[in-house]
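[1] I would like to see how this sequence folds:
(one chain, ligands or ions: 1)
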Amino acid sequence: MNDAGAPLVSVRWRDRGLDGIPELLDQTVLPQTVVYREMPDLATLRQAIIDLVVRGAPAIGIAAAYGLARHCLVAAARLPEASPGEALEPAVAAAIASLGDARPTAVNLRWALTHLRTCFDHHVGLLTARESAARLLLEAKRIHAEDAQCCRQIARHGAALLPRTAGILTICNTGALATGGIGTALGCIRQAHQDGATGTIFACETRPLLQGARLTVFECQRLGLPVALCTDGMAGCLMAQGRVGAVIAGADRIAANGDTANKIGTYQLAVLARHHGLPCYIAAPYSTFDRSLPDGGAITLEERPADEVRGYRGVPAAPADCPVVNPAFDVTPASLITALITERGVIRPPTPAAIAELLADDHPQIPAV
Ligand code: MRU
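    Coordinates of the predicted model:
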């Protein structure tokens, strides 16, 4: 299906009578091609997450939630109509086992699956298998809608912090493509522009997979935002020239002390920002916090295939057999982060106590049947 011209929605659920199916906007072929891909089963969705058809921590979590719901709807339809909710247990477990480790750094993936598991456990004794599957779909939709709401609130808090005339430097893609709403860091930039103006938005290209060049520039241009593409290595030069007023990025996982894992290159931007006396902000919803980890040293950093660095989209650049390192993420210590911007407010500076206080009640309520 070709959806050129449609609004950018990274994950969507298409109702189809008794069941329904998740569809992902294929981010591997953007911006040249705008196409949605159906995710009929767990194996297809798992591979799509690994291949970055869907990417960005919140969007991955939403996709996984829909994937689990779809798997349960299909399983329930094969059972006798009056089967109890317990009969869905193998389907729930299979979905979590299949999707849970598709990408190890973005905690939103595990968070969303754990949340659906809790929802299932909560209702299982009260519903039939079909009702239970329908309930899981409802919860996946709720997670999606809640993320959109978080994005709006993050944007409001973050926009107030951003400079109005100086440039804003960002990395990777943290917009609509990466979330269920307008985005986190890019949502803040978008809101700041709407509230008045922003200087140039410098989008780091984000080697090796170019989420900045392909996705952030694409989103900014569609929104009419004043974007300029730069390579990752230009950030220090732009700061030294006085063209940057702030750095803002997203997060894949934030430890209890505020250390933040995000796209590779974020750490060096934070170091550079500190050197140049610039604020470095991280914007993320509560679902990106992992308070079970005391600090960033405990965060698993995904290592991706070497060929992603040796070339681009199958076109070789480096010698075919050269050794490569390819961590997809790095950890920025909390001490280099000026503030964490969440939907609940701004944590400035990030400290374990301030994080614990703001996120004290960070478990979404599961409504009764
Ligand atoms: O490898 P990706 O493209 O999934 O990495 C995404 C990022 O690093 C984003 O900054 C992060 O997930 C936050 S998205 C709101």
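
[2] quick one: the strands in the stretch 251-369 of the chain?
    253-255, 260-263, 280-283, 289-290, 311-312, 315-316, 329-332, 339-342, 345-347 (DSSP state E, counting those that start in this stretch).

[3] helix or strand next in line after the host helix or strand of residue 218, which one?
    For residue 218, the host element (DSSP states H and E) is helix 217-223. Counting by DSSP H and E, the element after helix 217-223 in chain order, helix or strand, is strand 227-230.

[4] got the buried residues for that next one?
    Neighbour counts using 16 or more other CB atoms under 10 Å place 227, 229-230 of strand 227-230 among the buried residues. From N, CA and C alone the C-beta is placed, and that goes for glycine too.

[5] likewise for stretch 260-280?
    260-270, 272-274, 278-280.

[6] likewise stretch 196-209?
    Buried residues in stretch 196-209 (16+ other CB under 10 Å): 198-209.

[7] and of those, the nearest to residue 71?
    Nearest to residue 71 out of the buried residues of stretch 196-209 is residue 209 (CB to CB; 27.9 Å).

[8] quick check: pLDDT value at the closest one.
    As predicted, residue 209 sits at a pLDDT of 98.

[9] ok, and the closest non-adjacent residue to it?
    residue 308 (6.2 Å; CB to CB, 6 or more residues apart in numbering).

[10] residue contacts, that neighbour?
    Taking CB atoms under 8 Å, 6 or more residues apart in numbering as the contact definition, residue 308 lies against 208-209, 326.

[11] which residues touch the closest residue to the ligand within the stretch 251-369 of the chain?
    The nearest approach of the stretch 251-369 of the chain to the ligand comes at residue 263, 3.3 Å away (CB to the nearest ligand atom). Applying CB under 8 Å, 6+ apart, we find residue 263 in contact with 171-172, 206, 211, 249-250, 252, 328-330.

[12] just grab the bridge partners of it for me.
    With DSSP bridges as the criterion, residue 263 is bridged to residue 329.

[13] measure residue 213 to the ligand for me?
    As judged by CB to the nearest ligand atom, to the nearest Å, residue 213 and the ligand stand 12 Å apart.

[14] any idea how many residues pack against that residue?
    19 (other CB atoms under 10 Å).

[15] could you look up the SS state of it?
    helix (DSSP: H, G, I helix; E, B strand; the rest coil).

[16] OK, contacts around the closest residue to it other than its chain neighbours?
    Distances taken as CB to CB, 6+ apart put residue 205 closest to residue 213, at 4.1 Å, once the chain neighbours are dropped. Residue 205 makes contact with 212-213, 229-232 under the criterion CB under 8 Å, 6+ apart.

[17] with pLDDT added, can I get these in TSV?
    Listed next are the contacts of residue 205 as TSV, based on pLDDT from 0 to 100:
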residue	pLDDT
212	98
213	98
229	98
230	98
231	98
232	98
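
[18] now, which of the residues you listed sits nearest the ligand?
    Taking the contacts of residue 205 together and measuring to the ligand by CB to the nearest ligand atom, the closest member is residue 212, at 9.6 Å.

[19] and the gap between that closest one and residue 306?
    21 Å (CB to CB, to the nearest Å).

[20] these two: who's more crowded?
    When neighbours are counted by other CB under 10 Å, residue 212 and residue 306 differ, and residue 212 comes out ahead with 26 against 16.

[21] that one and residue 206 touch, don't they?
    Yes. The pair residue 212 / residue 206 is scored as a contact, 3.7 Å apart, by CB atoms under 8 Å.

[22] now do the same contact list for the residue in the stretch 151-300 of the chain that the ligand sits nearest to.
    In the stretch 151-300 of the chain, the residue found nearest to the ligand is residue 250; the distance is 2.9 Å by CB to the nearest ligand atom. Contact analysis of residue 250 by CB under 8 Å, 6+ apart lists 56-57, 172, 174, 178, 183-186, 262-263, 282-284.

[23] so among these, which ones count as buried?
    56-57, 172, 174, 178, 183-186, 262-263, 282-284.

[24] helices of this protein, start to end?
    42-50, 57-77, 89-99, 107-123, 129-159, 185-195, 211, 217-223, 235-240, 266-275, 307-310, 352-358 (DSSP state H).

[25] how about TSV for those, with distance to the ligand added?
    Formatted as TSV, these follow (distance: least, CB to the nearest ligand atom, whole Å):
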stretch	distance to the ligand
helix 42-50	9
helix 57-77	4
helix 89-99	15
helix 107-123	8
helix 129-159	8
helix 185-195	7
helix 211	5
helix 217-223	12
helix 235-240	15
helix 266-275	7
helix 307-310	10
helix 352-358	17
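
[26] any idea which of the ones you listed gets closest to residue 295?
    Where the helices of the chain are weighed against each other on CB to CB, the nearest is helix 352-358, at 9.1 Å.

[27] now the closest one, how far from the centre of its chain.
    22 Å (CA atoms, centre = their mean, to the nearest Å).

[28] give the buried residues for that helix.
    354-355, 358.

[29] same question for stretch 134-149.
    Neighbour-count burial for stretch 134-149 [16+ other CB under 10 Å]: 134-137, 139-144, 146-147.
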